[in-house]
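**Q** give the three-dimensional model of this entry:
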Amino acid sequence: MKRKSRNGNGNSIVDRARPILNQKAHETQPYGKVVHMPIALSERTCAKSVDNLNQLLADSMTLRDMYKKHHWQVSGATFYQLHLLFDKHFGEQVEIVDAIAERIQTLGGVSIAMAPDVAETTLIPRPPRGREEVPVQISRLLHAHEVILEEARTMARQAATDGDDGTNDLIVSEVIRANEMQVWFVAEHVVETPLVRAR
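**A** Numbers count the residues shown, from 1 in each chain. Below is the predicted model:
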C-alpha cells in the first residue's frame, strides 16, 4: 500500500491542494465605519467624503446600468449610432465607478457594491423593465446625468472646504468632466433639426 506524504502539520500533501469550502466569519469592517488611514486627513473628513462618495457611487452604478439596458433595447432609425454610443458611455461609467470605489477604500471606508444596496441608495428613478422609445431613453439618461452632476458639484465643493484634495480632484476631473461630455453627446440626439431641407 502506498503511503501518503505528510507535511509538518500532519496533513497529507493532497489535503493542502483541496479547496476549503463554505467558510464563514464576521465582517472585517462594517459598512458605514471608517478606519484611520495615514493619508493626513482627519477621520471626520474621511467619513464625510466616504458618505458622499458612496451616494455618488450608487448613482453612477445606476447610470452605468441604464446605459447597458438602453444599449440592448434601443431601436429605430438611430439604432446603430445609439447602440454604439450607449455602450461607449457604459464603458466610461465603468471606469468612473471603479475610480470612486477605490477612492472610498483609500479613505478607509467601505464602498457600496451589491445591486440591492445600490437600488436602495440611488436617487435616480428606476426605469421600467420593458423597452421604451428612444426619446424617453435619452430623457432618462439626461436626468440621471443631471442628478449626478448636481450632487458632484456640491460634493466637490465640500471636499475642497475640508481639505480633501484627492476627492475633489476625482470628482472634478473624472466625474464632472466625463458626465458633462456624455450629456453633450446624448442631448444632441434629441435636438429637432431638419434632415433634408433647411427651414
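**Q** let me see the contact set for the residue nearest the centre of the chain.
**A** Centroid-nearest residue in the chain: Val97, 2.9 Å away (criterion: Cα atoms, centre = their mean). Shown in contact with Val97 (Cβ atoms under 8 Å, 6 or more residues apart in numbering): Leu57, Ser60, Met61, Arg64. Placement of C-beta: from N, CA and C, glycine included.
**Q** and the last one, what's its pLDDT?
**A** Here the pLDDT value assigned to Arg64 is 98.
**Q** and it, how far is that from Val97?
**A** 6 Å (Cβ to Cβ, to the nearest Å).
**Q** that older thread, measure the residue nearest to the centre of the chain to Ala198 for me?
**A** 42 Å.
**Q** ditto for Phe185
**A** Taken as Cβ to Cβ, the span from Phe185 to Ala198 is 23 Å.
**Q** more neighbours: the two, which one.
**A** Each of Phe185 and Ala198 has its neighbours counted (other Cβ atoms under 10 Å); Phe185 has more, 11 against 5.
**Q** tell me where the model's unsure across this structure.
**A** 1-12 (pLDDT under 70).
**Q** and the helices in it?
**A** For the chain, the helices defined by DSSP state H cover 13-17, 43-73, 79-106, 115-121, 134-161, 165-170, 177-187.
**Q** mind checking these for the one nearest to Lys33?
**A** helix 43-73 (8.6 Å; Cβ to Cβ).
**Q** for that closest one, buried residues please.
**A** Buried positions in helix 43-73, judged by neighbour count with 16 or more other Cβ atoms under 10 Å: 45-50, 52-71, 73.
**Q** same thing with stretch 82-92?
**A** For stretch 82-92, by 16+ other Cβ under 10 Å, it's Leu82, His83, Leu85, Phe86, Asp87, His89, Phe90, Glu92.
**Q** kindly indicate which of those lies nearest Leu142.
**A** Nearest to Leu142 among the buried residues of stretch 82-92, with distances taken as Cβ to Cβ, is His89, at 11.8 Å.
**Q** that closest one and Tyr67 touch, don't they?
**A** Yes: between His89 and Tyr67 there is a contact under Cβ atoms under 8 Å: 4.9 Å.
**Q** so how far is Val134 from the residue nearest to Gln182 when sequence neighbours are not counted?
**A** Distances taken as Cβ to Cβ, 6 or more residues apart in numbering place His89 nearest to Gln182, at 5.1 Å, with adjacent residues excluded. Distance from His89 to Val134, counting by Cβ to Cβ: 15 Å.
**Q** Arg177 and Glu132: what is the separation?
**A** Distance of Arg177 to Glu132, computed by Cβ to Cβ: 28 Å.
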